[in-house]
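Chemist: model the following, please.
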Amino acid sequence: MTVNRKLLHVSIDCVIFGFDDNQLQVLLIEQEKITKSHIPMHALPGDHVIEGEGLDEAAARVLKELTGVEGVYLKQFKAFGNPDRIKDPKDKIWLSHVRKNPEAHVITIGYYSLVKMNEISTMPSSFAKSAYWVNIHNIPPLAFDHNEIFEAGLNELKKDTETNHISIELLPKKFTLSQLQELYETILEKEIDKRNFRKNMKKNNCLVPLNEKQKGVRHKPAQLFTFKLDE
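Modeler: Numbers count the residues shown, from 1 in each chain. Presented below is the predicted three-dimensional model:
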């Protein structure tokens with residue numbers, strides 16, 4: 001029996017989360033239009049790993065090349081290797097214009113990232129026509145299996161929020177407990193009892209109370225906190 005031993009291709013796909021105005025958002029790109037009849041798809045920022053490149057290095061490069069975003073937290077969360085993940089006709093048309101071997105089996109490594117939206121600006125390039133933020137509840141049909149990758153990234157963020165408070169990366173360095181609770185409720189998509197939340201958070205040694213209060217607010221200014229992650 002002859003076994004087909006063609007080499008696999010490896011790619012990186014990034015789920016980039018931002019938090020603004022109590023909304024959890026994700027960064028998407030729109031593909032360049034390749035023909036007059038081509039309808040560009042929306043997708044997560046992603047591309048192939050270059051020979052001799054590490055996965056973390058590739059994730060940072062892909063994100064910078066396609067969106068202009070750099071120097072942000074990135075976490076690898078899952079690999080996606082279904083042989084049919086790039087077999088949809090709409091995807092094959094686009095691949096035939098941008099890949100030397102559009103029929104190749106591609107395994108992709110999913111990364112998620114948390115960014116402060118007011119601290120970055122997007123500058124799409126390469127095969128990305130545009131990069132834009134969209135509410136996680138308004139995600140359009142995406143290219144390839146990117147909807148599945150997005151959902152997996154969101155589930156990983158929820159898990160990490162409950163176990164190691166990683167979502168704190170989305171807040172300013174100084175914040176109120178109300179802002180922190182709003183972030184948790186937005187990510188976990190559920191209401192949290194205010195008294196229990198504050199009680200549990202104040203038990204966390206990483207939450208540091210500051211001798212400062214809000215400024216420029218119409219209501220009674222609340223105490224500010226910061227978060228000190230273990231080194």
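
Chemist: can you report how many residues neighbour Asn196?
Modeler: 9 (other Cβ atoms under 10 Å). Where you see a C-beta, it was placed from the backbone N, CA and C, and this is true even at glycine.

Chemist: helix, strand or coil for it?
Modeler: helix (DSSP: H, G, I helix; E, B strand; the rest coil).

Chemist: just the one 3 residues further on next, same as before
Modeler: Of the three states, Lys199 takes helix according to three-state DSSP.

Chemist: state the helix or strand in which the residue nearest to Gly153 when sequence neighbours are not counted lies.
Modeler: Computed as Cβ to Cβ, 6 or more residues apart in numbering, the closest residue to Gly153 that is not its neighbour in sequence is Val15, at 3.2 Å. Using DSSP states H and E, Val15 maps to strand 9-20.

Chemist: thought Lys92 was touching Ile86?
Modeler: Yes: here Lys92 reaches Ile86: they are 7.3 Å apart, a contact under Cβ atoms under 8 Å.

Chemist: the strand holding Val15: how far from the chain's middle?
Modeler: 4 Å (Cα atoms, centre = their mean, to the nearest Å).

Chemist: how about stretch 163-176?
Modeler: Distance, centroid of stretch 163-176 to centroid of chain: 16 Å (Cα atoms, centre = their mean).

Chemist: contacts for it, please.
Modeler: 17-19, 73, 75, 114-116, 157, 160-161, 179-180, 183-184, 187, 204, 206, 210, 212, 214, 222-227, 229 (Cβ atoms under 8 Å, 6 or more residues apart in numbering).

Chemist: all strands for this protein, in order.
Modeler: In the chain, the segments counted as strands under DSSP state E are 9-20, 23-31, 42-43, 46-48, 73-80, 106-115, 128-135, 207-213, 223-227.

Chemist: point to the helix or strand of this protein where mean pLDDT is at its lowest.
Modeler: Across the helices and strands of the chain, mean pLDDT, DSSP states H and E gives its lowest value to helix 89-98, namely a mean of 74.

Chemist: what angle do it and strand 23-31 make?
Modeler: Counting by axes from the mean of the first three to the mean of the last three Cα atoms, to 10 degrees, helix 89-98 lies at 60 degrees to strand 23-31.

Chemist: buried stuff in helix 89-98?
Modeler: 91, 93-95 (16 or more other Cβ atoms under 10 Å).

Chemist: before we move on, back to that, pull out the buried members of the contacts of stretch 163-176.
Modeler: Counted by 16+ other Cβ under 10 Å, these give 17-19, 75, 114-115, 157, 160-161, 179-180, 183-184, 187, 214, 224-227 as buried.

Chemist: among the strands of the chain, which comes closest to Glu191?
Modeler: strand 23-31 (15.3 Å; Cβ to Cβ).

Chemist: tell me what that closest one is packed against?
Modeler: Counting contacts by 3 or more Cβ pairs under 8 Å, 6 or more residues apart in numbering; DSSP states H and E, strand 23-31 packs against strand 9-20, strand 42-43, helix 55-67, strand 128-135, helix 177-188.

Chemist: what about Gln214, distance to Phe197?
Modeler: 19 Å (Cβ to Cβ, to the nearest Å).

Chemist: quick one on the thing from earlier: so which of the buried residues of helix 89-98 is the closest to Leu66?
Modeler: Nearest to Leu66 among the buried residues of helix 89-98, with distances taken as Cβ to Cβ, is Trp94, at 14.5 Å.

Chemist: what sits against the closest one?
Modeler: Trp94 neighbours (Cβ under 8 Å, 6+ apart): 31, 34, 38, 40-41, 143.
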